[in-house]
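# Show me how the following folds:
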Amino acid sequence: MKLDDYIRMGSGLANFFCDPERTGFRKRYYPNTTTCQWSDWRWQLRHRLRSLQQLEEIFDLSVEEKAAIQRPPFPLAITPYYASLMDRQDSNDPLRRTHIPVMGEYRVLPGEADDPLCEEQNTVVPGVVHRYPDRVLFLVTGVCATYCRYCSRSRMIGDQAQLARSWDTAIDYIAMHPEIRDVLVSGGDPLRLANGLLDSLLRRLRAIPHVEFLRIGSKIPLVLPMRITAKLVKILKKYHPLAMSIHATHPKELTLEANQALSRLADAGIMLGSQTVLLRGINDNLETIRPLMHGLLKNRVKPYYLYQCDPIRGSGHFRTPVETGMSIIAGLRGHTSGYAVPDYVIDAPGGGGKIPLAANGMVGREAGMVLLKNYQAEIYRYPDPVE
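Predicted coordinates:
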């Protein structure tokens, strides 16, 4: 298909920028692929790396990686674009570690579970998790563009048909509960849906009078940025107020292509926030988190949550001590813009919901004063009114 054909289809590919670094990767590993094909999100999905043989054609795999790939506990998939961001020789590359299995996935530690957040316990109808009073989580698909190895919903990966069949029941439930004012559309990744399906879904939700706010959770702008076409953005713009939570892991993800995708979303008036899972040896230090938060902010994405890694089965090699996250937040607060400081939270095992953790700035009282500690550990006094 010629470029003009894509333009007539309204795919937005004519305006998609492809970084020369990706061009070199494409020419080496996909020599018969044109720029237009590479920039087509559907081509990317069709050519995802899903087997040992495909990975070996690009990566120098370690012995442990080869052993783990033989029988991964849940599906493996990496888009060619996202693979191009990974180091081909170093098995400790941060993005590579989040997507290529290792044997740690087979070690189950105490406290780990398939559903540690008890989402199934709070599922009121298929696909709808109603944990908080005024909002629900609507799981619309079980498929993603790529599969993160620390996924808290790995138990349902690949469950597309069943969730799609439950949409009517889910939407009926939301419509019958006027206390629901906020719907988070997640999965899987909702942006994996075809434009027509996504448009229909959002239209039906927006038609419910008491639903004031729609959110979409997605990692696609960073692992498949060519999915953020002009046509997709035109659909999303119809359903304001609309927000999108971007799953961001590492500064390496903030490429020119990802920046362009985020810019398209922001220009369309979509509120953008980020969610970052704290991962051992990948982003568990200030030197990685700070440039990630700064990069997101420069792309008009408000750093929202820094998550302690959920105790999903086989996640022990990813999880850090809670003190690590506390230290990172302390290193951000006061040393950079407040807009760049996310909330550090634990999604409590057992279904307790998100609980924020932060260094307590109030350290005591004396003689009508509240004692406050700033980011430099200096003590200040604030006159506390007496009721």
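
# Tell me if I'm right that Gly331 and Glu287 touch.
No - Gly331 lies out of contact with Glu287 (CB atoms under 8 Å); the separation is 9.4 Å. Heads up, the C-betas are built off the backbone N, CA and C, glycines and all.

# Of the two, which one has the most company?
Legend: neighbour count by other CB atoms under 10 Å for Gly331 and Glu287, higher for Gly331 (17 against 10).

# helix, strand or coil for the more buried one?
At Gly331, secondary structure determined by DSSP: H, G, I helix; E, B strand; the rest coil is helix.

# Can you tell me what sits against the host helix or strand of Val345?
If you go by DSSP states H and E, Val345 is part of strand 343-348. Defining contact as CB atoms under 8 Å, 6 or more residues apart in numbering, one finds that strand 343-348 is touched by 117, 152, 304-308, 310, 322, 325-326, 328-329, 353-358.

# buried stuff in that strand?
For strand 343-348, burial by neighbour count (16 or more other CB atoms under 10 Å) applies to 344-347.

# Give me the next element, helix or strand, following it.
That would be, after strand 343-348 and using DSSP H and E, strand 353-357.

# elements contacting that following strand?
The contact analysis (3 or more CB pairs under 8 Å, 6 or more residues apart in numbering; DSSP states H and E) places strand 353-357 against helix 322-332, strand 343-348.

# mind redoing it with 6 Å?
Contact analysis of strand 353-357 by 3 or more CB pairs under 6 Å, 6 or more residues apart in numbering; DSSP states H and E lists strand 343-348 as its packing neighbours.

# Between strand 353-357 and the strand it packs on, find me the angle.
Direction vectors for strand 343-348 and strand 353-357, defined by axes from the mean of the first three to the mean of the last three CA atoms, to 10 degrees, enclose an angle of 140 degrees.

# Strand 343-348: partners in the sheet, and parallel or antiparallel?
With DSSP bridges as the test, strand 343-348 is paired with strand 302-308 (parallel), strand 353-357 (antiparallel).

# residue contacts, the most centrally placed residue in the chain?
In the chain, the centroid-proximal residue (CA atoms, centre = their mean) is His247; its distance is 2.0 Å. Listed by CB atoms under 6 Å, 6 or more residues apart in numbering, the contact set of His247 reads 219, 275.

# ok, 10 Å please
144, 148, 189, 217-223, 253, 274-277, 307 (CB atoms under 10 Å, 6 or more residues apart in numbering).

# quick one on the thing from earlier: of the contacts of strand 343-348, select the buried ones using a PyMOL command.
Remark: buried members of the contacts of strand 343-348, expressed as a PyMOL selection using 16+ other CB under 10 Å:
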select buried, resi 117+152+304+305+306+307+308+310+325+328+329
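
# now the strands: where do they sit in the stretch 151-300 of the chain?
Taking DSSP state E, counting those that start in this stretch as the criterion, the stretch 151-300 of the chain contains strands spanning 182-186, 213-218, 242-247, 271-278.

# What pairs with the longest one, parallel or antiparallel?
According to DSSP bridges, strand 271-278 forms sheet pairs with strand 242-247 (parallel), strand 302-308 (parallel).

# tilt between that strand and strand 213-218?
Using the same axes, to 10 degrees: strand 271-278 against strand 213-218 is 40 degrees.

# By mean pLDDT, flag the weakest helix or strand of the chain.
helix 3-9 (a mean of 35; mean pLDDT, DSSP states H and E).

# about what we covered before: show me what the residue nearest to the centre of the chain is bridged to.
Bridge pairing for His247 - DSSP bridges - gives Gln275.

# chain center to the strand holding Val345, what's the gap?
Between the centre of strand 343-348 and the centre of its host chain there is 15 Å, according to CA atoms, centre = their mean, to the nearest Å.

# now the angle between helix 322-332 and that strand, please.
160 degrees.

# Grab the CA positions of strand 343-348 and hand them over as PDB.
C-alpha atoms of strand 343-348 as PDB (Å, rounded to 0.1, in the frame of the first residue of the first chain):
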ATOM      1  CA  ASP A 343       2.100  10.100  45.100                       C
ATOM      2  CA  TYR A 344       3.800   6.900  46.400                       C
ATOM      3  CA  VAL A 345       1.100   4.300  47.000                       C
ATOM      4  CA  ILE A 346       0.600   0.700  47.800                       C
ATOM      5  CA  ASP A 347      -2.500  -0.900  46.400                       C
ATOM      6  CA  ALA A 348      -3.300  -2.900  49.600                       C
END
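
# average model confidence for it?
Averaging pLDDT along strand 343-348 yields 91.

# likewise stretch 310-319?
92.

# ends of it, how far apart?
Start-to-end span of stretch 310-319 (CA to CA, to the nearest Å) is 8 Å.

# related to what we said a few turns ago, TSV for the buried residues of strand 343-348, including distance to Lys373?
Converted to TSV, the buried residues of strand 343-348 look like this (distance: CB to CB, whole Å):
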residue	distance to Lys373
Tyr344	17
Val345	22
Ile346	23
Asp347	28
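
# Show me how this protein divides into domains.
3-106, 123-357 (automatic domain parsing).

# can you redo the ones you listed as a markdown table with distance to Tyr382?
A markdown table is the format used below for those (distance: least, CB to CB, whole Å):
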| stretch | distance to Tyr382 |
| --- | --- |
| domain 3-106 | 42 |
| domain 123-357 | 17 |
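
# Let me see the ranges of the strands in the stretch 1-150 of the chain.
Applying DSSP E, counting those that start in this stretch to the stretch 1-150 of the chain gives strands spanning 123-125, 128-132, 135-139.

# distance of Leu191 from Leu224?
Here the criterion is CB to CB, to the nearest Å. By it, Leu191 lies 8 Å from Leu224.

# Which neighbours do those two have in common?
Common contacts of Leu191 and Leu224 (CB under 10 Å, 6+ apart): 41, 144-145, 218.

# how about JSON lines for the strands paired with strand 271-278, with distance to Ser315 added?
Shown next, in JSON lines, are the strands paired with strand 271-278 (distance: least, CB to CB, whole Å):
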{"stretch": "strand 242-247", "distance to Ser315": "16"}
{"stretch": "strand 302-308", "distance to Ser315": "11"}
